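Peer 1: 3D model of this:
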Amino acid sequence: MEINTIEKILNFLQEKEGKELPKKWFDSIEKLKLLKELENHPDGAQYKYKGDLVLNNSTITKLPNDLYVTGCLDLYNCKQLTKLPDNLYVGGFLRLWDCVEITKLPNDLYVGSFLDLDGCKKLTELPDNLFVNGALHITNTPLVKKYTDEEIYKILALTGGRIRGKTYR
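Peer 2: Residues are numbered from 1 along each chain as shown. As a prediction, the model looks like this:
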């Protein structure tokens, strides 16, 4: 059933039948619409999202290239997401906790707060020009065994990036 059809049914029940429906049902519809919009956004055009973009536990498979999020981007437990878009800018934190299919981070990734990669079990290297304005969490990733903290900071400095905070293992 199409998202719009479900929304029409819910609106009908609420308006015509006087039914009190849980707000979370409407929130779920809005989230489904947003997921579809993100996955179908054309390449080559920036997608700007004002505020926090919370997509945790969703079935999203793709984010638009040149994604610009003014707040936080929460992708916790998005198990079908395999990669992040090029030119990703996140003004707040970026949480990729348990995104088990992510194999690579994009070059020129900017994160305004902390970057949480905990549980990204297929992530084996850091990208060029990674800028994290807070801490880097690499718990339960292959990065823990591959790099020392000093190597991480050195590699990033050589590629034009940096981490302003501490690395958590």
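Peer 1: only C-alpha atoms for contact and neighbour calcs from this point on.
Peer 2: OK.
Peer 1: ok but residue 158 is inside a strand, no?
Peer 2: No. Judged by DSSP: H, G, I helix; E, B strand; the rest coil, residue 158 forms no part of a strand; its state is helix.
Peer 1: look up how far residue 126 lies from it.
Peer 2: 12 Å (CA to CA, to the nearest Å).
Peer 1: so which of those two has more stuff around it?
Peer 2: The neighbour comparison of residue 158 against residue 126 (other CA atoms under 10 Å) goes to residue 126, with 16 against 11.
Peer 1: could you check the pLDDT of that one?
Peer 2: Looking at residue 126, its pLDDT is 93.
Peer 1: going forward, begin numbering at 44 instead of 1
Peer 2: Right, with 44 as the first residue, what we last looked at is residue 169.
Peer 1: quick one: contacts for it?
Peer 2: 147, 148 (CA atoms under 8 Å, 6 or more residues apart in numbering).
Peer 1: try 10 Å this time
Peer 2: Taking CA atoms under 10 Å, 6 or more residues apart in numbering, we find residue 169 in contact with 147, 148, 149, 150, 186, 190, 195, 198, 199.
Peer 1: so what's the spatially most central residue of the chain up against?
Peer 2: Closest residue to the average C-alpha location of the chain: residue 118 at 4.0 Å, with CA atoms, centre = their mean. Neighbouring residues of residue 118 by CA under 10 Å, 6+ apart: 96-101, 103, 124, 137-142, 159.
Peer 1: how many other residues sit next to residue 189?
Peer 2: Residue 189 - counted by other CA under 10 Å - has 11 other residues nearby.
Peer 1: spatially nearest residue to it (excluding sequence neighbours)?
Peer 2: Nearest-residue entry for residue 189: residue 167, 7.7 Å, with adjacent residues in sequence omitted and distances by CA to CA, 6 or more residues apart in numbering.
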